[in-house]
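*Asks:* Kindly generate the corresponding structure for this input.
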Amino acid sequence: MEEDGCLYVDARSARYLPVFPAGAVDWDGSTLTTTNPRDPATRDEVVPGEEISLGGGGDEGMPEPGPTTVVPDACDLAERYFIVAAP
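*Replies:* Numbering: from 1, shown residues only. You can find the predicted model right below:
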């Protein structure tokens, strides 16, 4: 689901903000393209409403910004986040 320029994933009756590794995703306003940083030829595309399988882990609140993650200011209302392992 896209809301205010932020993409959220609904899973297990909860909404999560997926936090991808820097450089691993591109959002063109309609399609999310993931790229495996270890193998740039490995790409996948998904649009809001489609199922996606993500590895990683999450928590409540917001993650601390760091050199490998970027969370836009508009996304600070997420109840939970999910740090995505490399796609």
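*Asks:* tell me the contacts of P18?
*Replies:* By CB atoms under 8 Å, 6 or more residues apart in numbering, P18 lies in contact with L7, Y8, V9, L54, Y81, F82, V84. To be clear about C-beta, it is placed using only N, CA and C from the backbone, and glycine gets the same treatment.
*Asks:* what does D4 give?
*Replies:* By CB under 8 Å, 6+ apart, D4 lies in contact with A74, C75.
*Asks:* ok, back up a step: would you reformat the contacts of P18 as JSON lines and include secondary structure?
*Replies:* Shown next, in JSON lines, are those (DSSP: H, G, I helix; E, B strand; the rest coil):
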{"residue": "L7", "secondary structure": "strand"}
{"residue": "Y8", "secondary structure": "coil"}
{"residue": "V9", "secondary structure": "strand"}
{"residue": "L54", "secondary structure": "coil"}
{"residue": "Y81", "secondary structure": "strand"}
{"residue": "F82", "secondary structure": "strand"}
{"residue": "V84", "secondary structure": "strand"}
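*Asks:* Could you point out which of those residues is nearest to A22?
*Replies:* The shortest gap between A22 and any of the contacts of P18 belongs to V84, at 11.4 Å (CB to CB).
*Asks:* Am I right that the closest one is in contact with L54?
*Replies:* Yes - taking contacts as CB atoms under 8 Å, V84 lies within contact range of L54: 5.0 Å.
*Asks:* who has more neighbours, the two?
*Replies:* In this view V84 and L54 are compared by other CB atoms under 10 Å, and V84 has more residues nearby, 22 against 16.
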